[in-house]
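**Student:** Return a 3D structure for these sequence lines:
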Amino acid sequence: MLLVLCAATCVGVASCTSAPQAELSSASPRDRQEAGTVAMVYVELENPNQEPLPLRTVEYTVELTGQGGMKFQGTRAAEATLPSQGKHRLALPAAFPASVDLVGASYRISGTIRYLKPGQIAAILYDYRVSRPSVDFSGTGTIAAADLAPAGPTR
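**Tutor:** This next block holds a predicted model:
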């Protein structure tokens, strides 16, 4: 019983962190080869907290609307940390057949970003799958040819 009470207290302490905000930024074709074309979809993340938030994984789906429901589903390591009260532009690749002209195509993206709350207890709870905080995102847009800015931190 004491262990359950202690774990509940630890979860309560770790939950004082606010979730980051995620918003669709832009998308552009990145690489075209015989096998296919890769579009990069950019999601702007903002951390309202005083502590940095390490991002763990991103699961997402990009659907080309008006293209017969063509979809790309991806899971990847986020490989980034949201700085304290800062922003980060996350680049998510989506691959499609080379026959599809991505420039000007309408798309829809939805996904979930898992992140680690500050502190050793939060890390233990994450590792043991007790607490895996996440933030969902979604949006629609049109793939533009000119949005070729690299991903990276912004302030």
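**Student:** so how far is residue 54 from residue 127?
**Tutor:** Distance check for residue 127 against residue 54: by C-beta to C-beta, to the nearest Å, it reads 13 Å. (C-beta placed from N, C-alpha, C; glycine too.)
**Student:** Of the two, which one has the most company?
**Tutor:** Remark: of residue 127 and residue 54, residue 54 carries more neighbours, 16 against 11, as counted by other C-beta atoms under 10 Å.
**Student:** Sheet partners, orientation included, of the helix or strand hosting the more buried one?
**Tutor:** Using DSSP states H and E, residue 54 maps to strand 53-65. Here strand 53-65 is paired, per DSSP bridges, with strand 70-82 (antiparallel), strand 106-115 (antiparallel).
**Student:** Could you tell me how far the last one lies from the centre of the chain?
**Tutor:** I take that to be strand 106-115. 6 Å (C-alpha atoms, centre = their mean, to the nearest Å).
**Student:** That one - what's its average pLDDT?
**Tutor:** For strand 106-115, mean pLDDT is 97.
**Student:** For it, could you pull out the residues that count as buried?
**Tutor:** Residues 107, 109, 111-113, 115 are the ones in strand 106-115 that count as buried (16 or more other C-beta atoms under 10 Å).
**Student:** just checking, next helix/strand downstream of it?
**Tutor:** Where DSSP H and E defines the elements, the next helix or strand beyond strand 106-115 is helix 120-127.
**Student:** Quick check: next helix or strand after the helix or strand of the chain with the lowest mean pLDDT?
**Tutor:** The weakest-scoring helix or strand in the chain, judged by mean pLDDT, DSSP states H and E, is helix 2-14 (a mean of 45). Per DSSP H and E, the first helix or strand lying C-terminal to helix 2-14 is strand 21-32.
**Student:** Kindly calculate the angle that that following strand makes with strand 106-115.
**Tutor:** Following axes from the mean of the first three to the mean of the last three C-alpha atoms, to 10 degrees, one obtains 120 degrees for the angle between strand 21-32 and strand 106-115.
**Student:** Report all helices and strands that strand 21-32 contacts.
**Tutor:** strand 37-46, strand 106-115, strand 134-142 (3 or more C-beta pairs under 8 Å, 6 or more residues apart in numbering; DSSP states H and E).
**Student:** Is it possible to get CSV of those strands that adds distance to residue 28?
**Tutor:** Formatted as CSV, the helices and strands packed on strand 21-32 follow (distance: least, C-beta to C-beta, whole Å):
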stretch, distance to residue 28
strand 37-46, 6
strand 106-115, 11
strand 134-142, 10
